[in-house]
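*Asks:* Pasting the sequence and the predicted coordinates here, then a few questions.
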Amino acid sequence: MPTVSKAQQQCVNKYIKNNYDDIKLRVKKGQRELIQAYAKNKGESVSALICRLLSNEMGIEIGGVLKTVDNKDNNL
């Protein structure tokens, strides 16, 4: 795994701060591990899983996932 310089990490952090919002999600003790395992089993991060589920529920693009007319998810 390549090493990331401090300057590179600062640039990434600045980009994230300027382009994304954070949402804190609280779940009962032990549920975080269940959610992480479920996401891993689906081949996704927890963030990608939540964005996909919200996209499906709301019918709008959230976090780079677009619900199409035929109800299939297309990762952008």
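*Replies:* Happy to help now that I have it.

*Asks:* Can you tell me the closest non-neighbouring residue to the residue nearest the centre of the chain?
*Replies:* The centroid of the chain falls nearest to Ser47 when counting by CA atoms, centre = their mean (2.5 Å). Spatial nearest neighbour of Ser47, excluding adjacent residues (CB to CB, 6 or more residues apart in numbering): Gly63 at 6.9 Å. In short, each C-beta sits where N, CA and C put it, glycine included.

*Asks:* Could you pull out the helices in the protein for me?
*Replies:* Here the chain has its helices, by DSSP state H, at 6-19, 31-41, 46-58.

*Asks:* which residues are in contact with the second one?
*Replies:* With CB atoms under 8 Å, 6 or more residues apart in numbering as the contact definition, helix 31-41 has outside contacts at 27, 45-46, 48-49.

*Asks:* Which ChimeraX command selects the buried ones in the residues you listed?
*Replies:* Remark: buried members of these, expressed as a ChimeraX selection using 16 or more other CB atoms under 10 Å:
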select :48,49
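
*Asks:* Farthest pair within the contacts of helix 31-41?
*Replies:* Val27 and Ala48 (17.0 Å; CB to CB).

*Asks:* among the helices of the chain, which is the most enclosed?
*Replies:* helix 46-58 (a mean of 15; mean count of other CB atoms under 10 Å).

*Asks:* Which strands and helices lie in contact with it?
*Replies:* helix 31-41, strand 65-67, strand 73-75 (3 or more CB pairs under 8 Å, 6 or more residues apart in numbering; DSSP states H and E).

*Asks:* in the protein, which ranges drop under the pLDDT threshold?
*Replies:* 1, 64-76 (pLDDT under 70).

*Asks:* related to what we said a few turns ago, name the nearest of the contacts of helix 31-41 relative to Gln8.
*Replies:* Using CB to CB, the contacts of helix 31-41 come closest to Gln8 at Ser45, 20.7 Å.

*Asks:* tell me the phi and psi of that closest one?
*Replies:* Taking degrees, to the nearest 10, you get phi -80, psi 160 for the backbone angles of Ser45.
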